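Enquirer: Predicted model and sequence follow; I will ask about them next.
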Amino acid sequence: MRLTGRELVAAELAALAAIVAAHVVLLTRLLHSATTFDEGVYLLSLDDLRHGAALGRDVFTSQGPGFYVLLQAIGAVCGVSVAGVRAGVVAVDALGVLFAFLLGRRLAGPLGGLACAGMLAVAPKLPSFGGRVYADAAAAVLAAAALWLLAARVPLLAGAAFAAAVLVKVDALTALPALAALLAVGRERARALLEATGGALVVLALFAVVYAKDLADIWAGAVTYHLDSRRITGLIGRHEFGGFFALSTPFTWLTVAALLLLPLAWRRVWPLWLWALCASVFVLRYQPLRDNHLLVLPYAFALPAGVSLGLGARRLPERLLPPALAALALVLAAGFVQQLHRVRLDRRPEDPALVAAAARLAQLAPPGKPVISDQPIVAFLAHRRVPGRYVDTASLRFDTGSLTDAQVLRDAERVSAVVAGRAFYARPALMRGLAAEFPHRETMPGAVIFSR
């Protein structure tokens, strides 16, 4: 039985809808689970910005300014709560699946589009970290949008999207060689390069104008701070890379199949594999490496692998296409079930000790009076504002010198309470200084609260 063109489009859209829905299901499994330290940082930053604080000048900016603009947009639509902001992040990730489909369809037809979308939807790490409040996935989504726009011959918007991606997270620069290669092999190369550069410069200039007074502080937090931290050791890149491509994951099987098909499809897909190569080098070499940094890998590999599979499918005899499509669907379904089981292991409630500390902080610190906390989520759950310098109190800030004991003790004179349970607690001189500054000290499981 042959399907009409309209029926084929309907089937394609139905498959895409199922893939997007599967991705959203995976990402929302952790919507109400425990927060990470960095999520508390970004939620506090958003709360400060919502109350009129200036990015960079007032609020320590550990990511690019584009990320905070995105957070403000999410907060305006979804509300400033853990679940609300996470839901907004999931919506951005769902757009990433759509951009992957559009790019794959543009370069390799409907099967290529569905392969790109499907691989991204069941990729490792995204279910565990993609729905959390991090900049990495959003930057990769914008980079994927830039690649699609370039493939669709809209270089002006492609350049703008890529500049926005870099302003969200510098990791997006791993996609730059892929964009440059697509520009180099396209028609009217000089004009496309000029338009793409112009689009990028417009976005960069817009941000430079809006944040003209705070560019030095933003640069210090988003760039210099991370350069200074490179001597600190994080996760071991080769172990994390090997774990991502575990032989037990269907994502790995599909990637290997795509590499085997590369000799048949390399002319159209090699620029996209440059992103995979650069992302691999980044994960293997960057320090201090964190789990969220691995979020570049699903996007960097799903796009070239999906396009390669789609181009390879074009060479199959027509009678073999239905079995090939059925096989792809089965592998993706296996990947979905596997990731669903994996993400269930990450589901746990917020640490009761942090919840109790937040409740006690709300009692000890008067509403409207600022506090300082080295557990950001405690201040956020207590609905207490934090001076912008202290939205991020990670040990790394002390290690790099961007925060010192003397600064904390000086600013502690102007706040109503200080919560010590992480970086502060590990610094004896700072703890002694806080005890001398505050008349009341209350020790709880997981935190010490100094108050007046």
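Expert: Cool, got the structure.
Enquirer: all strands of the stretch 251-400 of the chain, in order?
Expert: 371-373 (DSSP state E, counting those that start in this stretch).
Enquirer: For the chain, which helix or strand comes out least confident on mean pLDDT?
Expert: Across the helices and strands of the chain, the lowest-confidence element by mean pLDDT, DSSP states H and E is helix 225-228, at a mean of 88.
Enquirer: And the helix or strand following that one, what's buried?
Expert: Read in the C-terminal direction, the helix or strand following helix 225-228 is helix 237-244, with elements assigned using DSSP states H and E. Judged by neighbour count using 16 or more other CB atoms under 10 Å, the buried positions of helix 237-244 are Gly237, Glu240, Phe241, Phe244. Every residue, glycine included, has its C-beta placed from N, CA and C.
Enquirer: Mind listing what's buried along the least confident helix or strand of the chain?
Expert: Within helix 225-228, judged by 16+ other CB under 10 Å, the buried ones are Tyr225, His226, Asp228.
Enquirer: Same question for stretch 163-181.
Expert: So, applying 16+ other CB under 10 Å, buried residues of stretch 163-181: 163-172, 174-176, 178-179, 181.
Enquirer: try stretch 431-439
Expert: Buried residues in stretch 431-439, defined by neighbour count with 16+ other CB under 10 Å: Met431, Gly433, Leu434, Glu437, Phe438.
Enquirer: and Ala135, how many residues sit next to it?
Expert: Here the neighbour count serves as a burial measure; for Ala135 (other CB atoms under 10 Å) it reads 27.
Enquirer: Relative to Tyr42, how far out is it?
Expert: Noted for Ala135: a distance of 8 Å to Tyr42, by CB to CB, to the nearest Å.
Enquirer: overlap in contacts of the two?
Expert: Between them, Ala135 and Tyr42 share the neighbouring residues Gln63, Phe67, with contact defined by CB atoms under 8 Å, 6 or more residues apart in numbering.
Enquirer: Give me the neighbour count for Arg187.
Expert: 7.
Enquirer: Wasn't it part of a helix?
Expert: No - inclusion of Arg187 in a helix is not indicated when DSSP: H, G, I helix; E, B strand; the rest coil is applied; the result is coil.
Enquirer: dump the residue contacts of Gln407.
Expert: Arg389.
Enquirer: go again using 7 Å as the cut-off
Expert: Under the criterion of CB atoms under 7 Å, 6 or more residues apart in numbering, the contact list for Gln407 is empty.
Enquirer: Which helix or strand contains it?
Expert: Taking DSSP H and E as the criterion, the element that holds Gln407 is helix 405-412.
Enquirer: quick one, helices of the stretch 251-400 of the chain?
Expert: 296-313, 321-344, 352-364, 376-381, 395-400 (DSSP state H, counting those that start in this stretch).
Enquirer: any weak-confidence spans in the stretch 251-400 of the chain?
Expert: Within the stretch 251-400 of the chain, the set of residues satisfying pLDDT under 70 is empty.
Enquirer: Try it again at 90.
Expert: For the stretch 251-400 of the chain, applying pLDDT under 90 flags the ranges 264-268, 313-328, 345-346, 368.
Enquirer: For Leu156, grab the count of nearby residues.
Expert: By the criterion of other CB under 10 Å, Leu156 has 17 neighbours.
Enquirer: Quick check: it is in a helix.
Expert: Yes - Leu156 forms part of a helix when assessed by three-state DSSP.
Enquirer: for stretch 307-316, which positions count as buried?
Expert: Buried, per 16+ other CB under 10 Å, within stretch 307-316: Val307, Ser308, Leu309, Gly310, Leu311, Gly312, Ala313.
Enquirer: got it, and stretch 91-106?
Expert: The neighbour-count criterion (16+ other CB under 10 Å) identifies 92-94, 96-106 as the buried residues of stretch 91-106.
Enquirer: what packs against the longest helix along the chain?
Expert: If you go by DSSP state H, the chain has its longest helix at helix 82-121. Helix 82-121 makes packing contacts with helix 5-27, helix 37-50, helix 65-78, helix 136-151, helix 250-285, helix 296-313, helix 321-344 when contacts are defined by 3 or more CB pairs under 7 Å, 6 or more residues apart in numbering; DSSP states H and E.
Enquirer: State the mean pLDDT of that helix.
Expert: Throughout helix 82-121, pLDDT has a mean value of 96.
Enquirer: between that helix and helix 250-285, how big is the angle?
Expert: Taking axes from the mean of the first three to the mean of the last three CA atoms, to 10 degrees, one finds that helix 82-121 is oriented at 110 degrees with respect to helix 250-285.
Enquirer: distance between helix 82-121 and the chain's centre?
Expert: On the basis of CA atoms, centre = their mean, to the nearest Å, the separation between the geometric centre of helix 82-121 and that of its chain is 14 Å.
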